[in-house]
Each structure stands twice: as C-alpha cells, then as structure tokens.
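Q: Structure for the following, please:
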Amino acid sequence: MADKPTLVKCLVWDLDNTVWDGTLLEDPNVDLFPGIREAIIELDGRGILHSVASKNDHDLAWQHLEKLGMAEYFVHPRISWGRKSQAIEEIAERLNFAQTAVAFIDDLPTERAEVNFHAPDIRCYAADQATSLAGLPEFSPEVVTVDARRRREMYQASFRRDTEKETYDGPDEDFLRTLDLVMEIKRADDEDLSRVEELTLRTSQMNATGVHYSDADLRALLADPDHEVLTVTLTDRFGPHGAVGVLLLERHPDLWHLKLLATSCRVVSFGAGAVILNWLIDQAARAGAHLVADFRATDRNRMMDIAYRFAGFTNDSCACLTVLGEPAAEGVQRLHLLADPRDAPTTMRLSSPELAGAADETGVVAP
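A: Now for the predicted structure:
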C-alpha cells in the first residue's frame, strides 16, 4: 500500500484568474469563479488554513475580498509585487509550518514553476483544479476535530494577541494577567479522544515521552477506574487556544504514575506546562501520594525535561517505584517527586476536577 501523502495544512491562493474571474486592476467588479466560495469553506471546515500570494495592489485586493465576503477566510496574506515563492515562504514561517505542509494554486504555469524552483517542497496546483481539491487525499484528514474546525479562528486570535504583546510596555507576567486566561482541566470523554490521540502523536518539544496512544488504547484507559485521561484547554479574551494538553495518569494507593504529559508549543510562553504540573503535584499532595513521571529524552523535548526538573522531579530512587511495571518504551526514565502543596496560578484562572480527597493522618485517602 502506498504511503499516505502529507496533509496540506495551508493552501495559498493566487487571486487574478484563480479566485476570481479576471484581473482586478482591469475590472474592479470581478467576481468569484463558480464553486470557489464553497471549496474554500469546505477546506476551512476541515482545519486547512487559507492564505494569499498575489501580485496586486494590497489595499485594492483586500478591499475586494472584503466586498466579496471572503477576506475572513485568509490568514497572513502576502499581496505585493515580489516573488510568490518568497511570499509563500514567509507565510509558512509565520504559521510555523514546514513547507511540505503548504500548497499553492495559481492559473499561470510560470508562477507555479517559479515556486517549484525556489521552494520545491511546496506542492503546486493549477487553477482549474480548485473545485476538486477537496477530493484529494492530501486535503482529506481522516478525523476532523473540534479544534480543527476552528483552527482559523485560533490563528487569527493568535495574531491579534501577538500584535498587542509587541506594543505592551511592562513585564511578561503583567501582560499575561491582561489576557484573562482561563485554563480548564477536565476528564476526557468520547468526543475528546481524537484530540487526545492527536496530542500524543506530536513529537514536539513539550511531549514527555513521544509514546503514541491509539484510539483503542485511550478507550481502554477511559474504562479503567485506576486511570485518568485528562485534557487541557485554554482561552483568553482574544479567543480559544483549543486543546493544549493531555495527561495520562495511573493511580496506585500511595503512588500516582504520570505516564504521559504533552502540551502544545503554542502555549509555552503562557507558562501552561508549569501550571499543569503544579496543579497535579498539589492534587497528589492532597492524596498523600508520591508522583512518578515517565520521561524519554529526544532531540526536541529538552524543554519538557527542564519543566520536570524545575517542578522538583529527580532521578532519586524510591521504594514506591517497585509497584510499577516495565516502561512503555525503551529509554523511558522514571522521575520521582514527593508531592507537596502548591499555590494556585497567579496569571490565569484554573478550572479543574478534584482527583482525590485529602489524606488523613494515617495517609488513607477519603472517598
């Protein structure tokens, strides 16, 4: 069986004779080609972002997109008279996408050739393919999550947030307080599973082990009373950040085993990882339990190692480790922490479940 093609995360559009029928500078009333609006909306609903690389007058072109009711669908457009390959490279960099996840559509073979020459990893399509792209495998994710359907909204909120931060004159912590951040940690349900699996697949700088848990694995954990599958979402006054974290936790009588912690790189600057860890440590302290966290070093997750160490996890041995089985993967370390009470975060409001009652003087946890 042939390998599945890399999914397109962003489709960059030419405008003249691609999105609309004609050249804007020659006809200020050019209209969309039939089916273009529907094609853009369909891909947007699958979580595929749209942008623009067009040789045009920026203000005139953007005003026309607004007039046509299409401007809201395009993020970080690059409308100028420069090379389109350079414009697309700038879009990919701004969105933090590899060029292999970016595609370009244009009516002119010369423009597609220019992009292919300077940025060969970007896939190019002719304008007459526009209304059939949704049927191609590279534009067809197997699962469309809640977060995918609102991905454009989250990116647009992120751009507004970044713009305000650039003009804020004060300490970072003070800026975070102005955002009205709200983190919600909740027990996962069936609807959350696709988002949880997606987070476990990411081998990012904020994934503690890189171990993938399939849909079947996660369903088994959800049904196991000794396990907690927890999701983390974040919102602020600019909009949602979406699902930004997942915790897989196994609870023993005197030991809580954090099998996986993965958070989105998008929220590193908000201190989300530290908030999650401090909340979990505080919960374990209330239960009178030790904490053990699985960690496997990769060439990318040094930041997660630092987060664990800063929270107080060490490589010190403890008798509590004897209740654990073999690690889930080769190279997984067991980091230990004697849980202690932690303060609530000062830069965001936290909504979370109580994982256990407080322990009495004998260490027994109340139901």
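
Q: where do the strands sit along the stretch 201-350 of the chain?
A: Secondary structure of the stretch 201-350 of the chain (DSSP state E, counting those that start in this stretch): strands at 227-236, 239-251, 255-263, 290-295, 333-338, 348-351.

Q: and of those strands, who's closest to Asn17?
A: Among the strands of the stretch 201-350 of the chain, the nearest to Asn17 by C-beta to C-beta is strand 239-251 (34.3 Å). Every residue, glycine included, has its C-beta placed from N, CA and C.

Q: could you redo the strands of the stretch 201-350 of the chain as CSV and give each row mean pLDDT?
A: Output for the strands of the stretch 201-350 of the chain, formatted as CSV (pLDDT from 0 to 100):
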stretch, mean pLDDT
strand 227-236, 93
strand 239-251, 90
strand 255-263, 91
strand 290-295, 94
strand 333-338, 94
strand 348-351, 96
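
Q: winner for burial among those strands?
A: strand 255-263 (a mean of 25; mean count of other C-beta atoms under 10 Å).

Q: which residues does Leu337 contact?
A: Ile281, His290, Leu291, Val292, Ala293, Ala311, Gly312, Phe313, Thr314 (C-beta atoms under 8 Å, 6 or more residues apart in numbering).

Q: Quickly list what it is bridged to.
A: Leu291 (DSSP bridges).

Q: what do you get for Gly245?
A: Going by DSSP bridges, Gly245 forms beta bridges with Val232, Thr263.

Q: So what touches stretch 318-335?
A: 209-211, 252, 254-255, 257, 259, 290, 292-297, 308, 313-315, 336, 338.

Q: That one: how far from the chain's middle?
A: Relative to the centre of its chain, stretch 318-335 is centred 29 Å away, using C-alpha atoms, centre = their mean, to the nearest Å.

Q: try stretch 87-99
A: Computed by C-alpha atoms, centre = their mean, the chain-centroid distance of stretch 87-99 equals 16 Å.

Q: one step back: can you redo the contacts of Leu337 as TSV with distance to Ala98?
A: Below are the contacts of Leu337 laid out as TSV (distance: C-beta to C-beta, whole Å):
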residue	distance to Ala98
Ile281	35
His290	40
Leu291	35
Val292	35
Ala293	30
Ala311	31
Gly312	35
Phe313	32
Thr314	36
